[in-house]
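Novice: coords please:
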Amino acid sequence: MWSVVKSVLAALLGVQSNQKREEDFSSGRPAAYLVAGVVITLLFVLMLVFLAMFAAR
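Specialist: Sure, this is the predicted structure:
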């Protein structure tokens, strides 16, 4: 699970190596990467909304 999260975070930041990307695609579990990507993106957006609400006070 940690490797999936780490891989998704690296991909979102654009720092994932080509070798790691190839390993991820060959692992055969795209659903895990999809779910992790959606959850991490939602958490990021919620964090931005919270910070914007906090800054608007």
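
Novice: From here on, just use CA atoms for contacts and neighbour counts.
Specialist: Fine.

Novice: tell me which helix or strand of this protein sits lowest on mean pLDDT?
Specialist: Taking mean pLDDT, DSSP states H and E as the measure, the chain has helix 18-26 as its least confident helix or strand, at a mean of 85.

Novice: tell me, how many neighbours does Val8 end up with?
Specialist: 24 (other CA atoms under 10 Å).

Novice: In which helix or strand does the residue nearest to it when sequence neighbours are not counted reside?
Specialist: Once flanking residues are discounted, Val8 sits nearest to Gly37: 6.0 Å by CA to CA, 6 or more residues apart in numbering. Assessed by DSSP states H and E, Gly37 sits inside helix 30-55.

Novice: re the thing from before, list the buried residues of the least confident helix or strand of the chain.
Specialist: By neighbour count with 16 or more other CA atoms under 10 Å, helix 18-26 contains the buried residues Asp24.

Novice: quick one: that helix to helix 30-55, angle?
Specialist: Relative orientation of helix 18-26 versus helix 30-55 (axes from the mean of the first three to the mean of the last three CA atoms, to 10 degrees): 120 degrees.

Novice: So which other helices or strands are in contact with helix 18-26?
Specialist: Counting contacts by 3 or more CA pairs under 8 Å, 6 or more residues apart in numbering; DSSP states H and E, helix 18-26 is packed against no other helix or strand.

Novice: What are the contacting residues of that helix?
Specialist: Ser7 (CA atoms under 8 Å, 6 or more residues apart in numbering).

Novice: Show me where the protein dips below the pLDDT cut-off.
Specialist: Scanning the chain for pLDDT under 70 picks out the ranges 28.

Novice: try 80 this time
Specialist: 27-28 (pLDDT under 80).

Novice: So the residue nearest to Val8 versus Leu13, what's the distance?
Specialist: 12 Å (CA to CA, to the nearest Å).
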